[in-house]
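1. Any chance you can model this:
(one chain, ligands or ions: 1)
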Amino acid sequence: MTSSSDIAPVLQASALTRRYGRKTALDAVDMSVSGAGVLALLGPNGAGKTTFVQTALGLVRPSSGALHVFGAKPGDRAIKTRIGVMMQDTDLAHTLTGRELLELFASYYPNPANLDALIERCALTDFIKRRYGQLSGGQKRRIQFALSLVGQPDLLFLDEPTTGLDIEARRALWAIVRDVAAQGTLVVLTTHYLEEADALADRVVVLQSGRIIADDTADGLRTRMGGAVISCVTSLSDEALNALPGLIAMTRSGRKVRVQVSDSVAFLKALLNADPALSDLSVAQPTLEDAFEALTGQSEPEGA
Ligand SMILES: Nc1ncnc2c1ncn2[C@@H]1O[C@H](COP(=O)(O)OP(=O)(O)OP(=O)(O)O)[C@@H](O)[C@H]1O
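-> As a prediction, the model looks like this:
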């Protein structure tokens, strides 16, 4: 995935702004996404992720600025059949079986996937003949995921795709997402799980209050944060810890403290000096979650 291209980008946002009354859901967003891969959209509740996806699908109109999809206006008939979608709130006919739903969706697309192969690929065989309304939440999500793939899309929006899935089903979905992206699809993923973004995303865009506050690879975000994460049990107060050199952020549970620091050596020297009785010390690389926390001031996106 690259951020620019000679031909029309898959997604091109130019000063994209969407207001709801006085609320600005998207605030002059500029973004260009070309080629295949996985783009993760992260951000706390109300950051504008869903509004962005809805705008790309032509369900919501920009208040100003523009968003182009394959160089066309969102919702354009010519591009609709190139897009697959799995949203959070999906209402499907409860009386149809999974197989009937797949057949129905396949009829919308000029070049649908082979349904038997898709059913096998998504491991739906055990429940594909049952009515959708009788399926468990996780089974419904898996049918919805298969439906998003029916048209063999060039652009695939996955909104919280693994919510409600067990670990095995989540890993299986990840493998298919990687596969689909490797075969040429741009996957736009919004997720509660930073682990998921870390596992899948080539590029991570962090939104906050409708603005892009970071646009990088997961590794890039971690590296940009730099430093280390130190955990220990200490009797030092917050004030005493705050006075140590290079502290970026701190969380505490009783005497157990976890700090992000810019220079681990300088911090550790000062810490051990200040509290010789310190115990349970560990030093680790920052995770994507640490980077997210440092960027947004929140520990998890979307109140996960
Ligand atoms: N139809 C609407 N009417 C009024 N305000 C809206 C509407 N849709 C979204 N908003 C507001 O726009 C802002 C962005 O919402 P959006 O749903 O895009 O955020 P999000 O990042 O997807 O959040 P979440 O993680 O909670 O799903 C929020 O403040 C939300 O309340």
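
2. What residues does this protein have near the ligand?
-> Y20, K23, A25, G43, N45, G46, A47, G48, K49, T50, T51, E302 (Cβ under 6 Å from any ligand atom). In short, each C-beta sits where N, CA and C put it, glycine included.

3. and if we set it to 5 Å?
-> Residues of the chain lying near the ligand by Cβ under 5 Å from any ligand atom: Y20, K23, A25, N45, G46, A47, G48, K49, T50, T51, E302.

4. What's the local residue count around L189?
-> L189 has 25 neighbouring residues, counting by other Cβ atoms under 10 Å.

5. Helix, strand or coil: sort out the residue in the stretch 51-200 of the chain that the ligand sits nearest to for me.
-> Of all residues in the stretch 51-200 of the chain, T51 sits closest to the ligand, at 3.3 Å by Cβ to the nearest ligand atom. Using DSSP: H, G, I helix; E, B strand; the rest coil, the structure places T51 in helix.

6. my read: it touches R18, true?
-> Yes: under the criterion of Cβ atoms under 8 Å, T51 makes contact with R18 at 5.4 Å.

7. so what's in contact with these two at the same time?
-> Common contacts of T51 and R18 (Cβ atoms under 8 Å, 6 or more residues apart in numbering): A25, L26, V60, G210.

8. Could I get the average pLDDT for stretch 69-78?
-> Per-region confidence: stretch 69-78 scores 93 on mean pLDDT.

9. Go through stretch 268-278 and flag the buried ones.
-> L268, A270, L271, D275, L278 (16 or more other Cβ atoms under 10 Å).

10. that's a helix at the third one, yeah?
-> Yes: when classified by three-state DSSP, L271 is found to be part of a helix.

11. pLDDT below threshold where in the stretch 1-150 of the chain?
-> Low-confidence segments of the stretch 1-150 of the chain (pLDDT under 70): 1-6.

12. mind listing the helices for it?
-> Under the criterion DSSP state H, counting those that start in this stretch, the stretch 1-150 of the chain carries helices at the ranges 49-56, 77-80, 98-106, 115-121, 137-149.

13. so of the ones you listed, which one's packed in deepest?
-> Highest mean neighbour count of the helices of the stretch 1-150 of the chain: helix 49-56, a mean of 23 (counted as mean count of other Cβ atoms under 10 Å).

14. Packing partners of the helix or strand hosting D179?
-> Assigned by DSSP states H and E, D179 belongs to helix 167-182. Using 3 or more Cβ pairs under 8 Å, 6 or more residues apart in numbering; DSSP states H and E, the elements in contact with helix 167-182 are strand 37-42, helix 137-149, strand 186-190, helix 194-200.

15. and the second one, how far from the chain's centre?
-> Pointing back at helix 137-149 there. In terms of Cα atoms, centre = their mean, to the nearest Å, the centre of helix 137-149 is found 18 Å from the chain centre.

16. pretty sure P161 contacts T191?
-> Yes: using Cβ under 8 Å, P161 makes contact with T191 at a distance of 7.4 Å.

17. Of the two, which one has the most company?
-> P161 (28 against 25).

18. Find the residue closest to the more buried one in space, skipping its chain neighbours.
-> Closest residue in space to P161, ignoring its immediate chain neighbours: M86 at 5.5 Å, by Cβ to Cβ, 6 or more residues apart in numbering.

19. any idea how far V38 is from the one you found?
-> M86 is 14 Å from V38, where distance means Cβ to Cβ, to the nearest Å.
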